[in-house]
Each structure stands twice: as structure tokens, then as C-alpha cells.
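# Provide a 3D model corresponding to the input given below.
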Amino acid sequence: MKKNIAIIMGGYSSEYQISLTSGNVVYETLDPSKYNAYRIHIFKEKWVYVDANNTEFPIDKNDFSVTIDHKKISFDCVFNAIHGSPGEDGYMQGYFKLLGIPHTSCDMYQASITFNKRDCLSVLKPYGIKTAVSYFLNLGDVINEDAIIEQVGLPCFVKANKAGSSFGVSKAHKKEDLQKAIETAFKEDDEIIIESFLDGTEVSVGVITYKGETKVLPITEIVSENDFFDYEAKYLGKSQEITPARLTPKEEAKVSSIAKKVYEVLKMKGFSRSEYIFKNGEPHLLEVNTIPGLTRASILPQQAAAAGITLVDLFDNAIQEALK
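As a prediction, the model looks like this:
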């Protein structure tokens, strides 16, 4: 009997449009002989099922069901394709845990800790995971530019602490750039993280649970045409994404081992994609994404393809792992 799969997409953050694209790719890819796929749009003002004619049907939040033509439909599994809040920060994971509905993403704690860059890096440091030097600010804090520069140096990166897709990220080259960069970051979040600039090869490493085992996918090297891997570089073609990355065997083994360690230390499930920059031959962790982009051009699907895993297989495996 075919399983009913709710593909949740959209969300409450600046990433909602990218999420809709990811969700629609999942919808178009799932094997219709195995699954009844339902596109569920999650927005602050509405949770709705959207049918093939773009007709909307409200979701009953009491049990996450939908009624169509007087027939109530419940879901066997949720495929989480929401980038940002509330799909990547633990809220949806907690909700589905309470309802007892399996989902393809990691658990609530893992989602909330990885979505908070400051907390994630703090948790991983005792395990020997190297990171950039950082300085934290909360909205309303006194901004001491000299103290920031003394701590992290220049140039430095100013980032919204809980945001993805490079929203709220700026590179400050000189002291005069800091105020504007901080204002940009605070538009996305009330917490920011300022990090030292790491000059080296940037790579992205996909780690997934595949057929019951932790699997590190072929590594992608990021070469941005812009000053860094910003929104334009990620989504508007201003970068090269080279899979497999041009690393030495030693570098490849080192970053693969660290990425797997991060996944297992955090007790992750489902998809993950972590970003690293090599400094003096050592990979330094930038962040961990638990709902990475799933469009055909996205990094994780590229890596899966390089490993001989089709999109159909990648998405099917995610559902099968969730249903175990």
C-alpha cells in the first residue's frame, strides 16, 4: 500500500523561496508507484496543502491532517524541505515528535543546536573541532569596534547567528565597515557572530544516513567569483562548485573524518552539509546545515550524484530511514 508523504516547504525566514524550489523538486522526484506525495506550504499566516491545480486546503494543526472532499488524509511520513525557521531550528521536529509522525530530518535538539552557529561551535570545540576565532553580540549590546578587531582581526565576517543561505552575512575589510555589517546581520537575527577571516580552500561536505550507515559524500570545493560565498555566489551562478574537490588525499581524508565525527558526535540523522575552510592544512568548521538545498543544482544532490546515488534513490532512502 502506498505511503502518504507530506513534503513541507516554505517557512518563516528569508529562505522560503529556496525552500519552495527544494520542496517541489522532492515532489516531482518521489516515485509515484510507492508514494502519494502532498505539497504542504508552511507560512506564518497559513499551513495549507496545495494540489496540482494550486488549490489550497487548510492543514488541521491538531493532528497534521488535511480534509479533501470530506475525506480526512493523514500522513505516514513528513519530508522536511524547510530551510530556516521553523523547519531547520527544531520547532517542526518537536511538533512531529509530539504527534508521533516520522520525518526525514534530525531530531529537535540537533536541529536547534546546529541552527545556532554560536552554540554548535561551542558544543563541538571540546571534541577538537577547529573553528575561526569569534566574537558574539546580542541586539542592544554596546558595540566596541576596537574590542572586536582586537579579538578577531581584519578582515572579518559578520553573520546573523541563526540564518542560512548567506542572509545577513557581510565581510568587513576595515573598521568603518563594521557598523553597517552589524546592522545588516541584526536585520536577520537578534544574535550575531563575528569571525576571523580564514584564507584558504573552502569545501562543503555532505554526510547522510544511507541504508543504515553514516556515509560521507564526495566533497565539493567552493570557488566564489565574489569576495566570499554569498547569496549571489550560491544561487545566481557567481561561483564554481567543483565535485570532487581538488584536495590532496591527506586533506580529503582529514576533512571527511572530521565531518563524519561532527555528524556522529551530534547524533545526527537524515541529511547534513557542513562547511570548512583549510588553514595551515587543517579544516576549520564554519557551520552545519541540517536541511541543505535539494534542488538539482544544489551541492548535496551534486555530491550524491558523484557517489552514484540518484535523486530518486536519495529521497527514497531518506523516507525509508525515517520510517524505520
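
# For the stretch 51-200 of the chain, just list every one of the helices.
Taking DSSP state H, counting those that start in this stretch as the test, the helices found in the stretch 51-200 of the chain are 91-99, 108-115, 117-124, 145-152, 178-186.

# So for residue 54, which of those helices sits nearest?
The closest of these to residue 54 is helix 91-99. By C-beta to C-beta, the value is 23.0 Å. C-beta coordinates here come from the backbone N, C-alpha and C atoms, glycine included.

# still on that earlier bit, redo the helices of the stretch 51-200 of the chain as TSV? Include mean pLDDT.
Formatted as TSV, the helices of the stretch 51-200 of the chain follow (pLDDT from 0 to 100):
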stretch	mean pLDDT
helix 91-99	98
helix 108-115	96
helix 117-124	94
helix 145-152	97
helix 178-186	95
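
# highest average neighbour count across the ones you listed?
helix 108-115 (a mean of 21; mean count of other C-beta atoms under 10 Å).

# how far out from the middle of the chain is that one?
In this view, helix 108-115 has its centroid 11 Å away from the chain centroid, taken as C-alpha atoms, centre = their mean, to the nearest Å.

# So what pairs up with residue 221 in the strands?
residue 203, residue 242 (DSSP bridges).

# After the lengthiest helix in the chain, which helix or strand is next?
Counting by DSSP state H, the longest helix found in the chain is helix 249-265. Remark: after helix 249-265, the chain's next helix or strand is strand 271-279, criterion DSSP states H and E.

# angle of that next one against helix 117-124?
80 degrees (axes from the mean of the first three to the mean of the last three C-alpha atoms, to 10 degrees).

# Check which element follows strand 271-279 along the chain.
Per DSSP H and E, the helix or strand that comes after strand 271-279 is strand 282-289.

# quick one: buried residues of that next one?
283, 284, 285, 286, 287, 288, 289 (16 or more other C-beta atoms under 10 Å).

# Could you save those residues as TSV and add columns showing pLDDT?
Converted to TSV, the buried residues of strand 282-289 look like this (pLDDT from 0 to 100):
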residue	pLDDT
283	98
284	97
285	97
286	93
287	92
288	95
289	95
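
# hang on, isn't residue 136 packed against residue 195?
No: Residue 136 is beyond contact range of residue 195, at 10.2 Å (criterion: C-beta atoms under 8 Å).

# Sweet, I'm off.
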